[in-house]
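Colleague: below is the structure, and that's it, no one-letter string:
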């Protein structure tokens with residue numbers, strides 16, 4: 001009898017259901033934290049590679065635990081979870097869906113280029129105004145900064161591009 005295992009696409013879809021612990025409207029695949037899912041014929045196991053948004057990301061252990069739970073929940077016992085720090089994570093790895101979800105959640109998504117980063121502050125996710133001011137380079141999590149909107153006067157987090 002030949003043992004069967006799920007496809008890598010099935011595993012990707014399972015991992016897409018795991019919410020980021022710090023920004024629950026995003027999945028770990030939306031953020032680009034999951035870099036690779038592959039079957040290793042030699043080791044006879046799946047290999048899941050993750051890259052944290054920051055090398056000291058406080059949520060990394062929780063994310064790894066959720067991946068392990070998810071794999072076991074789907075009866076995948078043979079897998080290796082690897083953390084890869086190089087190349088470092090960048091906001092370019094975020095999906096367009098992630099950026100849209102951030103906007104809808106009230107967090108300004110990251111700029112798309114260094115030119116945009118230097119040229120303007122983020123657009124207010126509440127009213128769409130670009131008349132915003134940096135309040136603090138450190139927001140509610142290490143990956144966000146705190147801004148305020150001069151038009152609607154609402155404070156908001158902005159995802160730091162890097």
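Modeller: Here it is on my side, so go on. All values derive from a computational prediction rather than experimental measurement.
Colleague: for the residue most central in space within the chain, what are phi and psi?
Modeller: The residue lying closest to the centre of the chain (CA atoms, centre = their mean) is residue 31, at 2.2 Å. Phi and psi for residue 31, reported as degrees, to the nearest 10, are phi -70, psi -20.
Colleague: okay but it is in contact with residue 94, surely?
Modeller: Yes: at 5.8 Å, residue 31 and residue 94 qualify as touching, with contact defined as CB atoms under 8 Å. No exception for glycine: its C-beta is placed from N, CA and C like everyone else's.
Colleague: quick one: contacts for residue 15?
Modeller: For residue 15, the contact set (CB atoms under 8 Å, 6 or more residues apart in numbering) comprises 27-29, 34, 37, 48, 67, 70.
Colleague: try 7 Å this time
Modeller: Going by CB atoms under 7 Å, 6 or more residues apart in numbering, residue 15 touches 28-29, 34, 67, 70.
Colleague: per-domain residue ranges of the chain.
Modeller: 8-89, 107-159 (automatic domain parsing).
Colleague: which of those has the lowest mean pLDDT?
Modeller: Mean pLDDT is lowest for domain 107-159 out of the domains of the chain, coming in at a mean of 82.
Colleague: now do the end-to-end distance for that domain.
Modeller: Using CA to CA, to the nearest Å, one end of domain 107-159 lies 7 Å from the other.
Colleague: again, but for stretch 86-94
Modeller: Terminal residues of stretch 86-94 are spaced 17 Å apart (CA to CA).
Colleague: for it, give me every contacting residue.
Modeller: Under the contact criterion CB under 7 Å, 6+ apart, stretch 86-94 has outside partners 30-32, 51-53, 110, 159, 161-162.
Colleague: ok, back up a step: among the contacts of residue 15, find me the one that's closest to residue 16.
Modeller: Of all the contacts of residue 15, residue 16 sits closest to residue 29, with 4.5 Å by CB to CB.
Colleague: quick one, phi/psi of the closest residue to that closest one other than its chain neighbours?
Modeller: Once flanking residues are discounted, residue 29 sits nearest to residue 16: 4.5 Å by CB to CB, 6 or more residues apart in numbering. Taking degrees, to the nearest 10, you get phi -70, psi -20 for the backbone angles of residue 16.
Colleague: do the same with residue 39
Modeller: Dihedral pair for residue 39: phi -90, psi 130, per degrees, to the nearest 10.
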